[in-house]
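Peer 1: here is my input, please return the structure:
(one chain, ligands or ions: 1)
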Amino acid sequence: MPDIGFVNGRFLPLEEATVSVEDRGFQFGDGVYEVIRTYHGRPFHLDAHLARLERSAKAIELPLPWNIQQWTAHVHEGIKRGGYAESKVYLQLTRGAAPRDHSFPASTKPTAVMTVREMRPMDPALQASGVTVMTMDDWRWGRCDIKSVNLLPNVMARQKAKTEGANEALFVRGGRVTEGSSSNVFGVIKGRICTTPTGPGILPGVTRVLVLRIAKSSGLSVSETELPLRRLISADEVFLSGTTVEVLPVVRIDGRRIGNGKPGRITRSIAESFRLMAGG
Ligand code: PLP
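Peer 2: Residues are numbered from 1 along each chain as shown. Here you go, the predicted structure:
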């Protein structure tokens, strides 16, 4: 089955999908993106992802080439063409190709790209054992709520984590944990689900919202307040949330054991509710 490419409304095999070397996404990182996955072949919370794409694009004054219904149709068509049991859809929208100049081109013709690849589920062994994470200085820009393609700090952080044998890097700004390089972070502290509040410092994760919804409907109390690193390290349980990691227990931060070093009861229960919600 060929991986699917899509450029400005045209589907084609991924290896034939190209954009100009003058594309502003390539030259300036002047663009936004989304990652969506399917469960049982259906895109999961596509509306929320498209709403965030719309918000990100608006925040960088980038006009959307299509309305939500049209994006939705393109995503469904891409998934159908891929024909995979489960798909991972990547959408990217940039300010298009223009002679290189920092300010916006006089007339913007955005570049819209989509790829559809097979989605391989996370290793269940990793879910069962939990993962280790390391912390990194959060030297990203001040608008991490925009899902911008400028991912250099995230790339550097994840590579450092990988080199040091950790699964994810947690960003820390002013002694407070913001989020992971591609995930949001939660602590379970005295039975309460704690996570960094939304704002310019973190990406408002689609999965984060679902976790908070599950926690509330399970009768757990929830606190969206700043998370000092020392508080997170001494939490009873820690977990990550994200489209690809779902709900993933963390058992060590910077080599220090969380709780008893095993995925906690509340984390496992939220992960299980999430799997049921996703239909898995
Ligand atoms: N935070 C960052 C920096 C991310 O890149 C991501 C996802 O890629 C998330 C959080 C989780 O967001 P979502 O749950 O929408 O996948």
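
Peer 1: now stretch 21-34: buried residues?
Peer 2: Residues 23-27, 30-34 are the ones in stretch 21-34 that count as buried (16 or more other CB atoms under 10 Å). In short, each C-beta sits where N, CA and C put it, glycine included.

Peer 1: err, stretch 108-116, not the other one
Peer 2: Going by neighbour count (16+ other CB under 10 Å), the buried part of stretch 108-116 is 108, 110-116.

Peer 1: ok, now stretch 40-51?
Peer 2: Of the residues in stretch 40-51, 43-46, 48-50 count as buried by neighbour count, 16+ other CB under 10 Å.

Peer 1: which residues touch stretch 142-154?
Peer 2: 25, 29, 31-34, 52-53, 56, 59-60, 92, 94, 138-141, 171, 178-179, 181-182, 198-204 (CB atoms under 8 Å, 6 or more residues apart in numbering).

Peer 1: picking that back up, closest to Gly279 out of the buried residues of stretch 40-51?
Peer 2: Closest approach to Gly279 among the buried residues of stretch 40-51 (CB to CB): Phe44, at 8.7 Å.

Peer 1: test my guess that that closest one contacts Val75.
Peer 2: No. Look at Phe44 against Val75 with CB atoms under 8 Å: they stay out of range, at 11.3 Å.

Peer 1: joint contacts of these two?
Peer 2: Counting by CB under 8 Å, 6+ apart, the common neighbours of Phe44 and Val75 are Ile36.

Peer 1: returning to what we had before: which two of the buried residues of stretch 40-51 have the greatest separation?
Peer 2: Phe44 and Leu50 (12.2 Å).

Peer 1: what's the neighbour count on whatever residue of the stretch 1-150 of the chain ends up closest to the ligand?
Peer 2: Closest to the ligand within the stretch 1-150 of the chain is Val35: 5.7 Å, counting by CB to the nearest ligand atom. For Val35, the number of neighbouring residues by other CB atoms under 10 Å comes to 16.

Peer 1: any idea which helix or strand carries it?
Peer 2: Applying DSSP states H and E as the criterion places Val35 in strand 31-39.

Peer 1: render the CA-only coordinates of that strand in CSV, please.
Peer 2: What follows is strand 31-39, C-alpha atoms only, in CSV (Å, rounded to 0.1, in the frame of the first residue of the first chain):
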residue,chain,number,x,y,z
GLY,A,31,3.6,27.4,9.3
VAL,A,32,1.5,25.3,11.6
TYR,A,33,0.5,21.6,11.7
GLU,A,34,-1.6,18.9,13.3
VAL,A,35,-1.2,15.2,13.8
ILE,A,36,-4.3,13.1,13.9
ARG,A,37,-4.7,9.3,14.3
THR,A,38,-7.5,6.9,13.7
TYR,A,39,-9.1,4.3,15.9
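
Peer 1: need the pLDDT of the residue of the stretch 51-200 of the chain found nearest the ligand.
Peer 2: Taking CB to the nearest ligand atom, the ligand has its nearest neighbour within the stretch 51-200 of the chain at Ser182, 3.9 Å off. For Ser182, the pLDDT comes out at 98.

Peer 1: and if you look at Met1?
Peer 2: Met1 carries a pLDDT value of 61.

Peer 1: mind listing the helices for this structure?
Peer 2: Assigned helices in the chain, in chain order: 24-28, 46-59, 68-82, 124-129, 152-163, 206-217, 229-233, 265-278 (criterion: DSSP state H).

Peer 1: centre of the chain to the helix or strand of the chain with the lowest mean pLDDT, how far?
Peer 2: The weakest-scoring helix or strand in the chain, judged by mean pLDDT, DSSP states H and E, is helix 124-129 (a mean of 94). In terms of CA atoms, centre = their mean, to the nearest Å, the centre of helix 124-129 is found 20 Å from the chain centre.
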